[in-house]
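S.K.: Structure, please.
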Amino acid sequence: MRRSLYKTFHIICLTTLALYLMTLAAVPYVGVYLTYGAVPVIVLSGLLAYWLDPKTPDAVVEKTPHERLLEIEARLKDLGG
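M.R.: Purely as a prediction, here's the structure:
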């Protein structure tokens, strides 16, 4: 859920930013309403994407289910004797 929200807000932020910059570059006069609409969308979606970014520690390495089972069996053997 968190990852899908992150991706959604990230796409919204980047798309709005790209459209806004293309509009600024292509159109000689940009009304304030475009800025009033685009800047808050860019800022809010960017902040939400930043806060919802799935944080994974660098030291954690994902293991396959088979590796996890082997690790559990080894721990059980250590505990059992």
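S.K.: how about the helices in the chain?
M.R.: Under the criterion DSSP state H, the chain contains helices at 2-26, 32-52, 65-80.
S.K.: for the shortest one, the distance to its chain's centre please.
M.R.: Shown here is helix 65-80, whose average C-alpha point lies 34 Å from the average C-alpha point of the whole chain (C-alpha atoms, centre = their mean, to the nearest Å).
S.K.: what about that helix, average pLDDT?
M.R.: Taken as a whole, helix 65-80 has an average pLDDT of 90.
S.K.: Turn the helices of the chain into JSON lines, including mean neighbour count.
M.R.: In short, each C-beta sits where N, CA and C put it, glycine included. Formatted as JSON lines, the helices of the chain follow (neighbours: other C-beta atoms under 10 Å):
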{"stretch": "helix 2-26", "mean neighbour count": "14"}
{"stretch": "helix 32-52", "mean neighbour count": "14"}
{"stretch": "helix 65-80", "mean neighbour count": "9"}
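S.K.: pLDDT weak spots in the protein?
M.R.: 56-60, 81 (pLDDT under 70).
S.K.: thinking I12 is in contact with S45, fair?
M.R.: Yes: assessed by C-beta atoms under 8 Å, I12 is found in contact with S45 at 4.3 Å.
S.K.: Is there a neighbour count for M1? I'd like the number.
M.R.: Counted with other C-beta atoms under 10 Å, residues neighbouring M1 total 6.
S.K.: I'd like the distance between it and T16.
M.R.: Distance of M1 to T16, computed by C-beta to C-beta, to the nearest Å: 23 Å.
S.K.: One more: Y36?
M.R.: For Y36, the distance to T16 - C-beta to C-beta - is 13 Å.
S.K.: Please compute how far stretch 72-81 lies from its chain's middle.
M.R.: Stretch 72-81 sits 39 Å away from the centroid of its parent chain (C-alpha atoms, centre = their mean).
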